[in-house]
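Enquirer: predicted model, plus sequence, below.
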Protein chains: 2
Amino acid sequence: MALLLRATTWGLCPWRGYSSKGAQGALSKGFVEALKAVVGPSSVSTAAVIREQHGRDESVHRCQPPDAVVWPQNVYQVCRLAALCYCQGVPIIPFGTGTGLEGGVCAVQGGVCINLTHMDRILELNLEDFSVVVEPGVTRKALNTHLRDSGLWFPVDPGADASLCGMAATGASGTNAVRYGTMRDNVLNLEVVLPNGQLLHTAGPGRHFRIQEECSWLQPHGALCGLRGDTGPHHSHHPAPAPCEATVAATCAFPSVQAAVDSTVHILQAAVPVARIEFLDDVTMDACNRHSKLNCSVAPTLFLEFHGSKQALAEQLQRAEEITRHNGASHFSWAKEPEERSRLWAARHNVWYAVLALRPGCKGYSTDVCVPISRLPEILVQTKEDLKASGLTGAIVGHVGDGNFHCILVVDPEDPEELHRVEAFAQHLGRRALALHGTCTGEHGIGLGKRQLLQEEVGAVGVETMRQLKAMLDPRGLMNPGKVL
Amino acid sequence: MALLLRATTWGLCPWRGYSSKGAQGALSKGFVEALKAVVGPSSVSTAAVIREQHGRDESVHRCQPPDAVVWPQNVYQVCRLAALCYCQGVPIIPFGTGTGLEGGVCAVQGGVCINLTHMDRILELNLEDFSVVVEPGVTRKALNTHLRDSGLWFPVDPGADASLCGMAATGASGTNAVRYGTMRDNVLNLEVVLPNGQLLHTAGPGRHFRIQEECSWLQPHGALCGLRGDTGPHHSHHPAPAPCEATVAATCAFPSVQAAVDSTVHILQAAVPVARIEFLDDVTMDACNRHSKLNCSVAPTLFLEFHGSKQALAEQLQRAEEITRHNGASHFSWAKEPEERSRLWAARHNVWYAVLALRPGCKGYSTDVCVPISRLPEILVQTKEDLKASGLTGAIVGHVGDGNFHCILVVDPEDPEELHRVEAFAQHLGRRALALHGTCTGEHGIGLGKRQLLQEEVGAVGVETMRQLKAMLDPRGLMNPGKVL
């Protein structure tokens, strides 16, 4: 076991004597000094306001602040922090941009929050192999800005400008997944800090290219969030549409939810290589019109995008238009200019805020069930009816090409009765997806709110195997405890 | 833990008293009777000739026969067999078609070989979701024959008509991987029999569609071979080129290895969506001409295939031809007719036997290193020189679009000195690939021969983590012991 970073544990043994309260309360002064010795005094905070900023994400889960927040500058500091916490039995919670939707950053047992936003360097760009090595705090937009003139782009796009480490932890999907895959398909290698400070490379230290990915089975459920958040993912990426290639976006409105989703299924079954296909219901379109100054029909709508050479594009467009018209589409609108396309997709990306703006001061709760595409029409139609019957404020939007959709519910976090109704609605929708051979989580992860659904989805053997796997990798239960399992 | 199949353990407890020698020798009579009670008397054999057929694959690894061979008919029988072996401490070795190349089926500690070829039913075909549920003994050709009229096909094609369970166990790649991905990309869910007879579904019992895959990190190294071999993989598959689509194959010869591989790299970097791109060196072409009655130049050659609509195809062909001509290609030959294409790809698939025919009576040893595509020209040129210098009979062929290539060495298994030279050559090539940020195994797995290279590739933390993971899933070390770790 002659390891690069095993030595990081030795410097920390003197702190064993300190009586950190760890799970239950504030950290000892000595422990906080030890954190400062690793990252520098200005990169540690125990201020209440800072801790509170780090105890919540964008979900309705109540704020549960950590005992301290640290900002490491490199992976070696993360290793030393992990080893320090391991010696003292203090939980670790990784933090990217705080844009999660399942309470993954809530410090349910206290501990040290490791904010990774200062680790935001793009370390290596291998144009010939379509790969890039990044630190975990790089966001998807920062990466694409960096890549702008290279002829390459990173396609995974969940909407929020999330950190790549957070996207890896939740197995992010997004609008481009139908053609370019999810994080699972685009991450080649992870540098993982184990709880004791050891460094693990999931595909060998030198490997940046696509042979192996990380243990993906647990990933969608976020069981390894705690570990994954501390990682430096290595990403592959795709050539941007080449100069000879073109991009066309389109919106088309439909007379019913059924007609819009039937069109989606038919387009996929006809193997039209659509780059994006997003469904937005009438409530979402109304919210977008107001928030993003669009002037679209308030009707069930598809946003589409096609990439390809001019000839290939013409064929794709013709086929898609035939299918959508056959299903009763109206208000067809093609957006060929970059500005027009950007406006459309910016509106799509701001749906979360547009829907929240329907009830100012309230919080959002987003489901993320996913079903086989053949079952999508029935679950969407049923969910739309459930939503009307529930009396809740909610909008439906989704990466329907993946069978994945979101029901964004707007809720007053101070109203326990309404919160309870939202939770009941989400559980019911999750069970509906399971009954249709779907999953309760397509991309947000299990976090705090979907633990019961996970049990129902993977069964007792599945949960027990996950539990054993987590215990093997995290024997002291310090990596983001209280989530998933 | 109320499980579907946990109850399978109870019937087996009476056998605990039997003194099976397990690891070291023949099984007790009572144990063999217990096997017969599970699968029926005619589905168990302890005959020497049968055991010897099951103790080797197509590699040079010496035959190590199991103590008994059983042919279960369904997964419940596999669960009961596993539980029986678990009670008695008897190793289990799964067996598909025996076409492996790394000694994965050698019973190095004796035990029961579970032959899965009688579990060959296609259970469910979901045309709308592009998915199929199969038993583990279904081969890739049998699946594609079944799919022939459905408009869909299963693209993973490693050459041999391997069982889908074996392909899942080794993470098979193959000629179509450059466009359609490897097993990892095409397996949606695995039904895994755990050592104690429990059934685990890697993506929930009802899920046939692409959200999660199995724990893929360990897969390429075959650490879970023992488990994986007992699985009933669920596969997605791709629409066959639609009626409006066309397929064109081509061969083109080059003046040098460098020119052929440079062309590959340039075609990929130009984002031409080539469906197959295979490199065959002069020795391979000579062997193919003799064995498959081709009449091609004896020169470094690329076999290419393109799928698409007629317009898209014309663009792809034009771009590929420009690139190859720029690199000095000659003897261009397009094969548009199905018969002509079939003949070409049959020749490619029979390369293993064509090369073996160069020295009748000898065995083959195939390396399967893989490097980032930018490093492919240098490693191929170096390997060709090493091969000449070694005095060994060897041919190079590869799925170069993946950065993956095979050096097929023909060796007299009775000549220890030559065997030693072959092993030394393979180790040297593996280390060369690691030095170029590659891997020692692109698709055959670690098996018996690459354990030292695995250590060098993933490091001590990597191997130790794999070992712990294997121990967690297989605490008594009964699932195909002695492989990988």
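Expert: It's in. Numbers count the residues shown, from 1 in each chain, chains lettered A, B, ... in the order given.
Enquirer: A:Glu305 contacts A:Pro273, doesn't it?
Expert: No. Look at A:Glu305 against A:Pro273 with CB atoms under 8 Å: they stay out of range, at 11.1 Å. Every residue, glycine included, has its C-beta placed from N, CA and C.
Enquirer: overlap in contacts, these two.
Expert: Shared contacts of A:Glu305 and A:Pro273, defined by CB atoms under 8 Å, 6 or more residues apart in numbering or on different chains, are absent.
Enquirer: have a look at the two and say which one is more surrounded.
Expert: A:Glu305 (22 against 17; other CB atoms under 10 Å in any protein chain shown).
Enquirer: give me the element A:Glu191 is part of.
Expert: strand A:187-193 (DSSP states H and E).
Enquirer: so what strands line up beside that strand?
Expert: strand A:199-201 (antiparallel), strand A:232-236 (antiparallel) (DSSP bridges).
Enquirer: what angle sits between the lengthiest helix in chain A and helix B:451-473?
Expert: Across chain A, the longest stretch assigned as helix under DSSP state H is helix A:451-473. Angle of helix A:451-473 versus helix B:451-473, following axes from the mean of the first three to the mean of the last three CA atoms, to 10 degrees, is 130 degrees.
Enquirer: low-confidence stretches in the stretch 51-200 of chain A?
Expert: For the stretch 51-200 of chain A, no stretch has pLDDT under 70.
Enquirer: what sits closest to the residue of it found nearest chain B if chain neighbours are left out?
Expert: Closest to chain B within the stretch 51-200 of chain A is A:Glu128: 3.6 Å, counting by CB to the nearest CB. Among residues not flanking A:Glu128 along the chain, B:Ser374 sits closest, at 3.6 Å (CB to CB, 6 or more residues apart in numbering or on different chains).
Enquirer: that neighbour is in contact with B:Asp262, isn't it?
Expert: No. Contact between B:Ser374 and B:Asp262 fails when scored by CB under 8 Å: they sit 10.8 Å apart.
Enquirer: can you give the domain ranges for chain A?
Expert: Domain ranges of chain A: A:1-240, A:245-352, A:357-457, per automatic domain parsing.
Enquirer: which of the strands paired with strand A:187-193 has the lowest average pLDDT?
Expert: With a mean of 34, strand A:232-236 has the lowest mean pLDDT of the strands paired with strand A:187-193.
Enquirer: stretch A:45-59: end-to-end distance?
Expert: Stretch A:45-59 stretches 24 Å from its first residue to its last (CA to CA, to the nearest Å).
Enquirer: near chain B, which residues of the stretch 301-450 of chain A?
Expert: A:308-309, A:311-312, A:315, A:370, A:372-374, A:403, A:434, A:437-439, A:442 (CB under 8 Å from any CB of the partner chain).
Enquirer: apply 10 Å and report the result again.
Expert: A:308-312, A:314-316, A:319, A:370-376, A:402-404, A:434-443 (CB under 10 Å from any CB of the partner chain).
Enquirer: restricted to strands, list these.
Expert: Secondary structure defined by DSSP state E assigns A:Gly308, A:Ser309, A:Asn404 of those to strands.
Enquirer: chain B: which of those residues is nearest?
Expert: Of those, the one sitting nearest to chain B (CB to the nearest CB) turns out to be A:Ser309, at 5.6 Å.
Enquirer: I figured the closest one hits B:Leu313, correct?
Expert: No. A:Ser309 lies out of contact with B:Leu313 (CB atoms under 10 Å); the separation is 11.4 Å.
Enquirer: just to revisit the earlier point, generate a PyMOL selection restricted to the buried entries among the residues of the stretch 301-450 of chain A next to chain B.
Expert: A single PyMOL command selects the buried members of these (16 or more other CB atoms under 10 Å in any protein chain shown):
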select buried, chain A and resi 308+309+312+315+316+319+370+371+372+373+374+375+376+402+403+404+434+436+437+438+439+440+441+442+443
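Enquirer: what pLDDT does the residue nearest to A:Glu128 get?
Expert: 88.
Enquirer: likewise the one 5 residues further on?
Expert: We have a pLDDT of 95 for B:Ile379.
Enquirer: what about it, which helix or strand?
Expert: Assigned by DSSP H and E, B:Ile379 falls in helix B:376-390.
Enquirer: other SSEs contacting that helix?
Expert: Applying 3 or more CB pairs under 10 Å, 6 or more residues apart in numbering or on different chains; DSSP states H and E, one finds that helix B:376-390 contacts helix B:257-269, helix B:282-291, strand B:393-399, strand B:404-411, helix B:416-435.
Enquirer: can you redo these as CSV with distance to chain A?
Expert: Compiled in CSV, these are given as follows (distance: least, CB to the nearest CB, whole Å):
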stretch, distance to chain A
helix B:257-269, 6
helix B:282-291, 24
strand B:393-399, 12
strand B:404-411, 8
helix B:416-435, 7
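Enquirer: do you know which of the ones you listed lies nearest A:Cys288?
Expert: Nearest of those to A:Cys288, taken as CB to CB: helix B:257-269 at 38.5 Å.
Enquirer: name the next helix or strand downstream of that closest one, please.
Expert: Beyond helix B:257-269 toward the C-terminal end (DSSP H and E), the next one is strand B:276-280.
Enquirer: what's the angle from that following strand to helix B:257-269?
Expert: 170 degrees.
Enquirer: send me strand B:276-280 as CSV with only the CA atoms.
Expert: The C-alpha trace of strand B:276-280 is given here as CSV (Å, rounded to 0.1, in the frame of the first residue of the first chain):
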residue,chain,number,x,y,z
ARG,B,276,-17.2,0.3,-38.1
ILE,B,277,-13.5,1.0,-38.7
GLU,B,278,-11.2,-2.0,-38.4
PHE,B,279,-7.5,-2.2,-39.0
LEU,B,280,-5.9,-5.3,-40.4
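Enquirer: what's the angle from it to helix B:282-291?
Expert: Using the same axes, to 10 degrees: strand B:276-280 against helix B:282-291 is 100 degrees.
Enquirer: report the distance from strand B:276-280 to the chain centre.
Expert: 18 Å (CA atoms, centre = their mean, to the nearest Å).
Enquirer: right, is it up against chain A?
Expert: No. Using CB under 10 Å from any CB, strand B:276-280 stays clear of chain A, coming no nearer than 15.6 Å.
Enquirer: ok, which stretches of the stretch 51-200 of chain A are strands?
Expert: A:68-70, A:92-95, A:112-115, A:122-126, A:131-134, A:152-153, A:187-193, A:199-201 (DSSP state E, counting those that start in this stretch).
Enquirer: can I get these in CSV including distance to A:Thr247 and mean neighbour count?
Expert: Shown next, in CSV, are those (distance: least, CB to CB, whole Å; neighbours: other CB atoms under 10 Å in any protein chain shown):
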stretch, distance to A:Thr247, mean neighbour count
strand A:68-70, 41, 25
strand A:92-95, 35, 28
strand A:112-115, 36, 26
strand A:122-126, 23, 14
strand A:131-134, 22, 23
strand A:152-153, 11, 20
strand A:187-193, 25, 26
strand A:199-201, 36, 23
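Enquirer: for A:Asp262, which non-adjacent residue is spatially closest?
Expert: Nearest to A:Asp262 is A:Asn327, by CB to CB, 6+ apart, at 5.2 Å.
Enquirer: related to what we said a few turns ago, list the buried residues in the helix holding B:Ile379.
Expert: B:Leu376, B:Pro377, B:Ile379, B:Leu380, B:Thr383, B:Lys384, B:Asp386, B:Leu387.
Enquirer: quick one, what contacts the fourth one?
Expert: What that stands for is B:Leu380. B:257-258, B:260-261, B:264, B:279, B:281, B:300, B:371, B:396, B:398, B:400, B:405, B:407 (CB atoms under 10 Å, 6 or more residues apart in numbering or on different chains).
Enquirer: repeat the analysis, applying 8 Å as the threshold.
Expert: B:Val257, B:Gln258, B:Val261, B:Phe279, B:Ile396, B:Phe405.
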